[in-house]
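J.: What would the 3D arrangement of this be:
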Amino acid sequence: MAEALEITRTDETTHGAYRAELPGSDRPAVLTWRALGPLRVANHTFVPPEMRGRQVAQQLVEALVADARAQGFRIVPQCSYVDALFKRHPEWSDLLAGD
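T.: Now for the predicted structure:
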């Protein structure tokens with residue numbers, strides 16, 4: 001099981017991010033998004049190389065998914081990692097932006 005991380009959120013109306021400070025790394029892990037009307041386009045995830053393989057990026061996406069459920073927005077998974085995680089979690093499909 002992955003260690004639970006403290007994730008901070010920023011929301012600048014047109015864009016935002018989910019960040020996690022990681023023990024043993026001087027750079028945070030980050031998932032960024034931009035607004036497209038009522039949608040959030042998840043456009044990039046980054047985890048420092050020394051922290052990869054510990055489900056850090058997955059926890060960032062799970063925070064985005066939790067916020068989508070709580071706040072009622074839908075997600076466009078532009079980032080390939082976010083897209084792959086949505087394909088592995090069909091229970092999140094109701095949060096995907098329609099075509």
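J.: for stretch 77-91, what is the average pLDDT?
T.: Averaged over stretch 77-91, pLDDT sits at 97.
J.: what's in contact with it?
T.: Residues outside stretch 77-91 that contact it (CB atoms under 8 Å, 6 or more residues apart in numbering) are 31, 41-45, 57-58, 61, 64-65, 75, 92-93, 96. Any C-beta I mention is one placed from the backbone N, CA and C, and that applies to glycine too.
J.: Let's see which of these end up in helices.
T.: Taking DSSP state H, the ones among the contacts of stretch 77-91 that sit in helices are 57-58, 61, 64-65.
J.: which two in the contacts of stretch 77-91 are spaced the farthest apart?
T.: Farthest-apart pair in the contacts of stretch 77-91 is 44 and 93; separation 22.0 Å (CB to CB).
J.: Please identify which of those two sits among more neighbours.
T.: residue 44 (16 against 9; other CB atoms under 10 Å).
J.: which residue is nearest the centroid of this structure?
T.: With distances taken as CA atoms, centre = their mean, the residue of the chain nearest its centroid is residue 61 (3.0 Å).
J.: Perfect, that will be all.
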